[in-house]
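**Student:** A structural model of the following input is requested.
(3 chains)
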Amino acid sequence: MKVFSTSFSLTSDERTEVSDITKLIHESIQQFPISNGIALINTLHTTCALFINEFQSALIDDLKGLIERLVPERGGYRHYDPRFSDCERGNAHAHLRAALLGRNIAVGLSNGELSLGRFQSVIFAELDGPRRREITVQVMGE
Amino acid sequence: MKVFSTSFSLTSDERTEVSDITKLIHESIQQFPISNGIALINTLHTTCALFINEFQSALIDDLKGLIERLVPERGGYRHYDPRFSDCERGNAHAHLRAALLGRNIAVGLSNGELSLGRFQSVIFAELDGPRRREITVQVMGE
Amino acid sequence: MKVFSTSFSLTSDERTEVSDITKLIHESIQQFPISNGIALINTLHTTCALFINEFQSALIDDLKGLIERLVPERGGYRHYDPRFSDCERGNAHAHLRAALLGRNIAVGLSNGELSLGRFQSVIFAELDGPRRREITVQVMGE
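**Tutor:** Sure, this is the predicted structure:
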């Protein structure tokens, strides 16, 4: 049993930016001599999300619409109130959206490939951009 | 350390159908000679969800009510607009509901059993049925 | 490759109570001789949540506000209707909030430490308190 990990960074241009990182994850994994096991994909930040879904441009627009409707950017959050917080970024909505979308993926590896379906992409959502972010990929198996 | 994986399929009759698959997962796991480790439960599809909760019929009705309220089936999604998408199934709501509910479970295995509490079931939610789906179960440990 | 697991309990005083359990998780992990691998953090209950985010008091108030808005405590749930359910706790909202927030964390371990970012805490949300709860921590690696 071996354990390996690596990381890569992503840069965004927009306030909210959703990217398909499947190819970057594949490349990260293929450098390790592991055929069967699991891959953990994580990010060390609290205002972005990682999840698996279909990456289709109109659907991503729908997703952005949904999170703005459920967790509006201007929602009168206490996180911005100087009496309670020293937050200067105005990013409570990004924290809350991240709590709904998740940021932690565990996927099987078989024959050296991620076990993903035909329409499944690993998706990274920057919720408080533009920013540079680190994504970590850890692989365990044999 | 050993790694095994298997899969089984599920068929649904309804547009939205929520099933308790705990017994199927137990049966999948018991065929492998692993006492302690972890089990990853995943599905290779993007319009269904996997999560752990209590499986009680009235509560499942409440869950269906919640997802219809948060992500209505008829929500005017761009995913259906032929200018932006070739989606023919009208299933944006199913993708978005899957993003909220999750589709990725990692549970400990101890003494050959899933570490689940008394009221915990592994629940599969078909969000774009009726359809046949594949669930994969991967087990790592010793 | 070794597998270890442990658990600890948490007591809450409030109906909804959100706690930073990062330190407790660190202490749980440090008793095991594992440098690199993964940690699974789970709870065996269905009306509480586990997730990773920033633990900042005003932001936690915003999170409580969000879940009350999306899933109100008094939502006319069928789970309380004696015709459909023998639930006596009136806790459908807690089950549904748990379904949105998740209760399953897989984090990498490297050099004996959880791979968490500077602002990341492991957060436990009691959604049906006050209650005593069990959190399990399972570690695999070498």
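**Student:** Going along the chain, name the helices of chain A.
**Tutor:** Assigned by DSSP state H, chain A shows helices spanning A:22-30, A:57-70, A:92-101.
**Student:** just checking, what packs against the last one?
**Tutor:** Contact here means 3 or more CB pairs under 8 Å, 6 or more residues apart in numbering or on different chains; DSSP states H and E; on that basis helix A:92-101 packs against strand A:48-53, helix A:57-70, helix B:92-101, strand C:48-53, helix C:57-70, helix C:92-101. Quick note: C-beta positions are derived from backbone N, CA and C, even for glycine.
**Student:** quick one on the thing from earlier: can you put the helices of chain A in CSV and add mean neighbour count and mean pLDDT?
**Tutor:** Listed next are the helices of chain A as CSV, based on neighbours: other CB atoms under 10 Å in any protein chain shown; pLDDT from 0 to 100:
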stretch, mean neighbour count, mean pLDDT
helix A:22-30, 17, 96
helix A:57-70, 19, 96
helix A:92-101, 26, 96
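**Student:** For B:Ile38, which of these is the nearest?
**Tutor:** With CB to CB as the criterion, B:Ile38 lies closest to helix A:22-30 of the helices of chain A, at 18.4 Å.
**Student:** where's the closest one relative to the chain centroid, distance-wise?
**Tutor:** How far helix A:22-30 lies from its chain's middle: 14 Å, per CA atoms, centre = their mean, to the nearest Å.
**Student:** From the contact counts, what lies against that helix?
**Tutor:** strand A:2-11, strand A:37-43, strand A:113-114, strand A:121-126, strand A:132-141.
**Student:** For chain A, give the residue positioned nearest to chain B.
**Tutor:** As assessed by CB to the nearest CB, chain B sits closest to A:Gly117 within chain A, at 3.0 Å.
**Student:** and that residue, what pLDDT?
**Tutor:** On the pLDDT scale, A:Gly117 is placed at 93.
**Student:** residues in contact with it?
**Tutor:** Contact analysis of A:Gly117 by CB atoms under 8 Å, 6 or more residues apart in numbering or on different chains lists B:43-46.
**Student:** again, but for A:Arg133
**Tutor:** A:9-12, A:43, A:45, A:48, A:124, A:126.
**Student:** and if we set it to 10 Å?
**Tutor:** For A:Arg133, the contact set (CB atoms under 10 Å, 6 or more residues apart in numbering or on different chains) comprises A:8-12, A:43-45, A:47-48, A:124, A:126, C:117.
**Student:** Look at the residue nearest in space to the middle of chain A and report its pLDDT.
**Tutor:** Centroid-nearest residue in chain A: A:Leu50, 2.3 Å away (criterion: CA atoms, centre = their mean). Looking at A:Leu50, its pLDDT reads 97.
**Student:** May I have the beta-bridge partners of it?
**Tutor:** A:Arg103, A:Phe124 (DSSP bridges).
**Student:** From B:Val137, how far out is it?
**Tutor:** Taking CB to CB, to the nearest Å as the measure, A:Leu50 falls 22 Å from B:Val137.
**Student:** so how far is chain C from the closest residue to A:Glu17 other than its chain neighbours?
**Tutor:** Using CB to CB, 6 or more residues apart in numbering or on different chains and skipping residues adjacent in sequence, the residue nearest A:Glu17 is A:Glu126, 4.4 Å away. A:Glu126 is 15 Å from chain C, where distance means CB to the nearest CB, to the nearest Å.
**Student:** Neighbours of A:Glu126, how many?
**Tutor:** Using other CB atoms under 10 Å in any protein chain shown, A:Glu126 is surrounded by 25 other residues.
**Student:** what residues are up against it?
**Tutor:** With CB under 10 Å, 6+ apart, A:Glu126 has these contacts: A:10-19, A:43, A:45, A:47-49, A:94, A:132-133.
**Student:** okay, the residue lying farthest from the centre of chain A: pLDDT?
**Tutor:** Ranked by distance from the centre of chain A (CA atoms, centre = their mean), the top residue is A:Arg83, with 31.2 Å. As predicted, A:Arg83 sits at a pLDDT of 76.
**Student:** which residue packs closest to whichever residue of chain A sits closest to chain C, ignoring adjacent ones?
**Tutor:** Of chain A, the residue with the smallest distance to chain C, taken as CB to the nearest CB, is A:Leu44 at 3.0 Å. Nearest-residue entry for A:Leu44: C:Gly117, 3.0 Å, with adjacent residues in sequence omitted and distances by CB to CB, 6+ apart.
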